[in-house]
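K.L.:
Sequence plus the predicted model coming up.
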Amino acid sequence: MPDYTVGGPASMSILARLILLVLLALAPVSAVEVWNQLDLRRERTAEIHDTALQLLGLLVGEQQRLVEGVRQMLSLLAETDAARDLDPVACGALLERTRQRLPGYLTVNLAAADGTILCSTAEDLSGRNIADRAHVRDALESGGFTVGEFIRRRPSGVPAMPFALPIRRNGGAIAGVATALIDLGWLEGYLAKHPLPANAALFVADGRGVVLARAPEVPGAIGTVLPDRFRPLLDADRIGTAELVGIDGMPRVFAYVPLAAGVRHIFVAIGIDRDAALATIDEALRRSLLLTAAALLLSLAAAFLLARRYVHRPIEALVAATRRWRAGDLSARSGLRVDGSELSQLAHAFDRLAEELEAETRTRAAVAAALQASEARHRAIVETAVDAMVVIDEDGVVQSCNPAAERIFGYAAAEVVGRNVAMLMPEPYHSEHDGYIAAYRRTGVRRIIGTGREVEGRRKDGSTFPLELAIAEWTVGDRRFFTGIMRDVTGRREAEEALRASEERFRELVEHAPQIMWVNRPDGTVEFINAACRAYTGQDMTDAERLSEVHPDDRGRIREARTRGLAAGEPYAFEMRLRRVDGVYRWHIARVNPIRQRGHIVAWFGGAVDVHDIHHAREAAEEADRSKSRFLAAASHDLRQPLQSILLFAEALRPHLADGAGQDRLDRLLHGLDVLKGLLDGLLDISRLDAGIVAPQIEELRVSTVLKPLDDAYAPIARGKGLEWQVIPCGAVIRSDRVLLGRMLRNLIENAIRYTERGKVMVGCTVEADRVLIDVLDTGCGIPDDQLGRIFEEFHQLGNPERDRARGLGLGLAIVRRLSALLDHPVDVRSRAGGGSVFSVAVPLAAEHAEPAPPPASRTAAPTRPEDPPDRRFAVVVDDDAIVLMGLETILRDWNFDVLAADSTDRALARLKEADRRPDVLIVDYRLRGGRVGTEAVVRIREMCGQQIPGIIVTGEIGAEPQNDAIAHNLGILHKPVTPRLLEAALVRHIQAAE
């Protein structure tokens, strides 16, 4: 039989099992309690991260609104006449009026393009030069609004954030720059209105990590470099949070805006002291652990006492009686006779009783522990909650309040419990609450004041503050209780008030601006228009009427621009005619910009400037320029004809001047005429291109057909100057205009020969992918790097400040630039001073092309005119201009030609029949009277003679038709005015080619 005596093996077994039962019941409860506390700690940590982000969002939102306000203000200033004219007096008066509305931390300057400040809201800055400031250089180079890195204000040395925006004249050229400086006074003002929580800190750093501001201030922090542990935060690509040791040595939860996500070059971080914020959670965790340990010890002690009282003593009594029974004492006294089997059954019954008692104790202990754990958990939740919790009964008497309620109301729990909850309410909520309680007792209808809305709370010191209230009802038995969950929303209300004030300031700025302005909602509909717009149009337009004051022809263009801008979320601009209050439409230029907060568009800001006078002046100037170009283009033929005759007659004078002085003067006259010819050619070509009357005639042709005439024309000129001349044959087939491409290459070759004193000039081509590069290479003086961008300007020449006409007029490359744009043949330049130049013209390759032909084995020198031919050659000249005809006849006779001159094809044929002689060469004008052309004369004379007589077209018309006709009939072509030297070379070349 088991030994149930106190201290016996059976008794100790029961006690051990009872204690083990208590431990097994309390262990899960303890683990759950610890887990709950750790979970609360994690939730509190996440809440700290959210709080830091909320504080940062308010600050960054204010900063972005500040920057947007500065950009809009600079845009308005840059549009004013005082800024565009850079008038110090006018802009000084403008900024003086502006200064009166600006906060003390903002300084605005207007400076000329060289960086000299003309006027400023700070008087000590006028006359200073800020050209060395990086934000000024960036604005002038980029042509847009620029936010620079923090700088030190002169001469105070205070850190400031700089902004710059170019000022453009009406033609678009940059005339100056408008700048603004915002020092850290704005941050001090913001923190004065929105103080940080007691355990929070803020700092601002620049792109190098240098601390610019810190709140609260820490001695020696300003100007120091952030530790390396902050570098990943500066270099991040988005706003985030991180747990780091702050610059004050405290562990903090930081919410930060990296350099790439916020205002350019600015790093902002707000940190919350993690240990201080988690202090209540950690204290609750310690209390919970202590309570769990105490409960465990008490449970063990109770189990021990219960075992002794309710198990051990009865069993000991039963065991003693059994022993006495066995010993015969009980039998002797009672006279009963009990055998051993009955005693064994009794012992087993005792064992079952012990087990049942043990199970009962275990169940009760587990229930008690579960109730205790549940109560502890709920108590911990209430005590560690961020929101205030106040429990009242149905009479309005406070039953309990948590630590959060103690903090926000300023009362200790003992001061509140047992008193009416109205003590936490300001008037008029007292009477409203009492009336509610009375109605509730009378009707049982629950109409709790403040449910689902904000109410006012009253602190112990008598101050009031906004609360967000929610109420839950629960019962214990027949009694009803209410738990009020409250949150102090003072910070949120202040943030909303700050946002409203900021919006009001922005609206006031727009409302009183002198320019027409408006604000649209995110969807593009009108929110409001300013006073200037209402005064100009005479009405306050709604969204449905927004285009009613715009000229009907401009409305579609505005809708398209707005649709594109809204879809892309990017600024858009347009020109429109806006109806003034007197009914007159005037031209305006408008620009609309998005306003963003935290990456989202919250509004669209628009402004319009009256450019009516400028618009009409521009149209008048453009029309005058087009009229001039049309006049010069139309007068091209008439201007070339007299110059052609002058050139011919001047050369015809040479045989009649015997002395050296006469010859010298004649050479000077011819040189002047050559210069005049070049100037006329250039001006007329540019005027035709500007007038838009030159239409490219694109065709497929071989490069060789363009290079061959150039080789013939310029080989003698280059060799006459002592230069090596080479044209590399090219058989590639290209798509271009034969005449215009030839003119481009002629101008490039003439420049190469003019600026090369020794060495060589070479023309060749290279096939690259889908294009052919035609290169003109020379070993001349080259082009400095700083002049490469200007050589294509009209009348711009290198090394010719005295405008020596012998060195050209500076129009050749200007014509090349226009022809390049017209034909879409890009021109590339590679050059260095003293090292020659290479001009490359990129021409589209035809779908089917031949490879460049191999160079010939040898080249012969250009032919020269024989001095004394054995027989006089016979030339037929056809031109309907009598003076030109006479000039050609005269100079040809001086060159030992017999000449038949006629002003029409029919007269030439009639006289040729009478002469009964085959011509050696035909020289014809292209455009003759009666709508006839000179190639008709060539064809009919060739038919009459039965031979392919060489011919040259000499014409004042520049276009594809004479060029194509010349190619079709195998004729040379020269464009008036033609110098005698070029005419002579062409005659010799064509006559010798026919022999």
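P.N.:
Great, that's in hand.
K.L.:
residues in contact with A82?
P.N.:
Taking C-beta atoms under 8 Å, 6 or more residues apart in numbering as the criterion, A82 is in contact with A90, C91, A93, L94, L110. Every C-beta, even on glycine, is put in place using the N, C-alpha and C of the backbone.
K.L.:
and which of those residues is nearest to T525?
P.N.:
Closest approach to T525 among these (C-beta to C-beta): L94, at 32.8 Å.
K.L.:
From D138, how far off is the closest residue to that closest one other than its chain neighbours?
P.N.:
Nearest residue to L94, sequence neighbours excluded (C-beta to C-beta, 6 or more residues apart in numbering): A82, at 4.7 Å. Here A82 is placed at a distance of 24 Å from D138 (C-beta to C-beta, to the nearest Å).
K.L.:
for L928, same thing?
P.N.:
63 Å.
K.L.:
Can you tell me which of the contacts of A82 has the most neighbours?
P.N.:
L110 (29 neighbours; other C-beta atoms under 10 Å).
K.L.:
Can you give me the distance of that one to L118?
P.N.:
As judged by C-beta to C-beta, L110 and L118 stand 5 Å apart.
K.L.:
Quick check: neighbours shared by these two?
P.N.:
Joint contacts of L110 and L118 (C-beta under 8 Å, 6+ apart) are L86, C91, G176.
K.L.:
and G606, that one's in a helix?
P.N.:
No. Judged by DSSP: H, G, I helix; E, B strand; the rest coil, G606 forms no part of a helix; its state is strand.
K.L.:
quick one: contacts for Y714?
P.N.:
W725, R746, I749, E750, I753, V761.
K.L.:
D711 is in what secondary structure piece?
P.N.:
Using DSSP states H and E, D711 maps to helix 703-720.
K.L.:
Now that helix: average pLDDT?
P.N.:
For helix 703-720, mean pLDDT rounds to 85.
K.L.:
Show me where the stretch 351-500 of the chain dips below the pLDDT cut-off.
P.N.:
Scanning the stretch 351-500 of the chain for pLDDT under 70 picks out 351-361, 363-365, 367-380, 428-453.
K.L.:
residue ranges of the helices in it, please?
P.N.:
Per DSSP state H, counting those that start in this stretch, the stretch 351-500 of the chain carries helices over the ranges 403-409, 413-416, 429-443, 490-511.
K.L.:
quick one: contacts of the shortest one?
P.N.:
The reference is to helix 413-416. Taking C-beta under 8 Å, 6+ apart as the rule, helix 413-416 contacts V390, V398, S400, C401, A405, E406, F409, M423, L424, K460.
K.L.:
Was I right to think the last one contacts Y411?
P.N.:
Which is K460. Yes. The pair K460 / Y411 is scored as a contact, 5.2 Å apart, by C-beta atoms under 8 Å.
K.L.:
More neighbours: which of those two?
P.N.:
More crowded of K460 and Y411, by other C-beta under 10 Å: Y411, with 19 against 14.
K.L.:
Next, the contact list for the more buried one, please.
P.N.:
C401, A405, L424, K460 are the contacts of Y411 under C-beta under 8 Å, 6+ apart.
K.L.:
give me phi/psi at it?
P.N.:
Y411 adopts backbone torsions of phi -100, psi 150, taken as degrees, to the nearest 10.
K.L.:
related to what we said a few turns ago, so which of the contacts of Y714 wins on neighbours?
P.N.:
Going by other C-beta under 10 Å, V761 tops the contacts of Y714 with 27 neighbours.
K.L.:
From A718, how far out is that residue?
P.N.:
For V761, the distance to A718 (C-beta to C-beta) stands at 5 Å.
K.L.:
and for those two, which residues touch both?
P.N.:
Common neighbours of V761 and A718 (criterion: C-beta under 8 Å, 6+ apart): E724, W725, I753.
K.L.:
Double-check the first one against T756; I have them as touching.
P.N.:
No. Taking C-beta under 8 Å as the definition, E724 is not a contact partner of T756, at 9.8 Å.
K.L.:
before we move on, the earlier item: Serialize the shared contacts of V761 and A718 to TSV and add fields for secondary structure.
P.N.:
What follows is these, written out as TSV (three-state DSSP):
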residue	secondary structure
E724	strand
W725	strand
I753	helix
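K.L.:
of all those, which comes closest to N896?
P.N.:
The closest of these, once distances to N896 are taken by C-beta to C-beta, is W725, at 28.5 Å.
K.L.:
mind checking how far that closest one is from G780?
P.N.:
For W725, the distance to G780 - C-beta to C-beta - is 14 Å.
K.L.:
likewise R97?
P.N.:
With C-beta to C-beta as the criterion, R97 and G780 are 59 Å apart.
K.L.:
same question, A366
P.N.:
The value you get for A366 to G780, if C-beta to C-beta is used, is 106 Å.
K.L.:
higher neighbour count, the two?
P.N.:
Neighbour totals were compared for A366 and G780, and G780 leads with 23 against 17 (other C-beta under 10 Å).
K.L.:
which residues touch the closest residue in space to the more buried one that isn't next to it in sequence?
P.N.:
Excluding its sequence neighbours, the residue lying closest to G780 (C-beta to C-beta, 6+ apart) is T756, at 3.6 Å. Going by C-beta under 8 Å, 6+ apart, T756 touches K721, L723, D778, T779, G780, C781, G836.
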